[in-house]
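A.B. asks: sequence? don't have it. structure:
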DNA sequence: ACGGTACTAATAATCGTTCTCAATTTCTAA
DNA sequence: TTAGAAATTGAGAACGATTATTAGTACCGT
């Protein structure tokens, strides 16, 4: 079993909400975990050849479940919603080159620490955050 | 003239791109500057009663112009795009309560400084950034 | 004033996403 | 293990936000 940990998280979430374990949900989870981050469209195309044909609506429904169970996190870059795999990876943020569209991932504990301080100052409790830096990557700057 | 500075910026941008100054564009700019941040819909409703009726498409087009000329900045919170007024205000970030939806603005130079450091380490040049903290506000936490 | 170009409002079209519904699958508990 | 309740499915319609099209209007340099 490849993605035992995530399967466990999903099953737990499903059980807690009296939802059912289905082939489609496991297939989608598996395809989802094969990438850093994907869109619903991409998953749809990836799974297009599978035995039970999986509808786009099911993919959207399942991606929402993955978000609720803490396996995925959605992010709005352009027009499409991107879903990030966040179980194995530590939290990371993104630099996006506005020229070529390349996405660089990074993480920085000091920034997160400062975020906590700011939040505390406002009586705010952080559950998640998004930090995106926009600009020019090394090769587009020249 | 109330918003002279912004009008100047817009006119400058229009001139630079050989675009024209029109009543609609000035009306939309004026309405836009009356708020911290708005959606296209909101502007449409605000301007609904004006003498020359302004179409929704024109509002979207003009908001894009405002972004290009550095007066506005778009932000994707929920389903609708929000446009922030960023000329007078210093750059600020947002805490969003996932319970009640309240948005708290804050600014923190230390975080921005760390962002520059991280970017430099990757040979990246930042033009803008977005930082959003999600969680529970003081009154929703209890 | 003229002609050309940019602009506009209205409408149609598009995109990503969600909803509807009849048929199917999963779970539960007898 | 099996019946039946409840959740899930795919297909396509529907949806809301945004963009393109169109045919007519306003601006500007000459």
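C.D. replies: Structure's in. What do you need? These figures come from a predicted structure and were not determined experimentally.

A.B. asks: List the contacts of stretch A:61-80.
C.D. replies: A:6, A:9-10, A:12-14, A:19, A:24-25, A:28-29, A:32-33, A:37, A:39-41, A:43, A:81-87, A:96, A:128, A:130, A:132, B:76 (Cβ atoms under 8 Å, 6 or more residues apart in numbering or on different chains). Glycine gets a C-beta too; all of them are placed from N, C-alpha and C.

A.B. asks: quick one: residue A:75 is in a strand?
C.D. replies: Yes: per DSSP: H, G, I helix; E, B strand; the rest coil, residue A:75 lies within a strand segment.

A.B. asks: Any idea what it is bridged to?
C.D. replies: In this structure, residue A:75 bridges to residue A:82 when assessed by DSSP bridges.

A.B. asks: The contacts of stretch A:61-80: which ones sit near DNA strand C?
C.D. replies: Filtering those for neighbours of DNA strand C using Cβ under 7 Å from any atom of the strand leaves A:39-41, A:81.

A.B. asks: what about whichever strand in chain A runs longest, average pLDDT?
C.D. replies: Criterion DSSP state E: the longest strand present in chain A is strand A:125-136. Averaged over strand A:125-136, pLDDT sits at 91.

A.B. asks: quick one: pLDDT of the residue nearest to residue A:91 when sequence neighbours are not counted?
C.D. replies: Nearest-residue entry for residue A:91: residue A:107, 6.5 Å, with adjacent residues in sequence omitted and distances by Cβ to Cβ, 6 or more residues apart in numbering or on different chains. pLDDT, residue A:107: 89.

A.B. asks: In chain A, where is pLDDT below threshold?
C.D. replies: A:1 (pLDDT under 70).

A.B. asks: Residues of it that sit close to DNA strand C?
C.D. replies: A:18, A:20-23, A:39-41, A:56-57, A:60, A:64, A:79-81.

A.B. asks: 6 Å instead?
C.D. replies: Selection of chain A residues close to DNA strand C by Cβ under 6 Å from any atom of the strand yields A:20-23, A:39-40, A:56-57, A:60, A:79-81.

A.B. asks: Give me the buried entries from these.
C.D. replies: Buried residues within those, counting neighbours by 16 or more other Cβ atoms under 10 Å in any protein chain shown: A:39-40.

A.B. asks: Closest one of the residues of chain A next to DNA strand C to residue B:113?
C.D. replies: Proximity of the residues of chain A next to DNA strand C to residue B:113 (Cβ to Cβ) peaks at residue A:81, which lies at 31.2 Å.

A.B. asks: if we can go back for a sec, which pair in the ones next to DNA strand C among the contacts of stretch A:61-80 spans the largest distance?
C.D. replies: Once Cβ to Cβ is applied, these give A:41 and A:81 as the farthest pair, at 9.9 Å.

A.B. asks: Check the gap between the nearest residue to residue A:35 once chain neighbours are set aside and residue A:124 for me.
C.D. replies: The shortest distance from residue A:35 to any non-neighbouring residue, by Cβ to Cβ, 6+ apart, is to residue A:85 (6.9 Å). Here residue A:85 is placed at a distance of 27 Å from residue A:124 (Cβ to Cβ, to the nearest Å).

A.B. asks: Check residue A:99 too.
C.D. replies: Distance of residue A:99 to residue A:124, given as Cβ to Cβ: 35 Å.

A.B. asks: With residue A:21 instead?
C.D. replies: For residue A:21 relative to residue A:124 (Cβ to Cβ), the value is 37 Å.

A.B. asks: Residue A:65 now?
C.D. replies: The separation that residue A:65 has from residue A:124, given Cβ to Cβ, amounts to 27 Å.

A.B. asks: repeat for residue A:63
C.D. replies: 28 Å.

A.B. asks: Now do the contacts for residue A:10.
C.D. replies: A:25, A:29, A:65-66, A:69, A:71.

A.B. asks: coming back round to it: show me the contacts for the residue nearest to residue A:91.
C.D. replies: Residues near residue A:107 by Cβ under 8 Å, 6+ apart: A:90-93.

A.B. asks: same deal with residue A:11?
C.D. replies: Residue A:11 neighbours (Cβ under 8 Å, 6+ apart): residue A:21.

A.B. asks: Let me know how buried the residue lying closest to residue A:130 once chain neighbours are set aside is, in neighbour terms.
C.D. replies: Excluding its sequence neighbours, the residue lying closest to residue A:130 (Cβ to Cβ, 6+ apart) is residue B:132, at 4.8 Å. Residue B:132 sits with 17 neighbouring residues when counted by other Cβ atoms under 10 Å in any protein chain shown.
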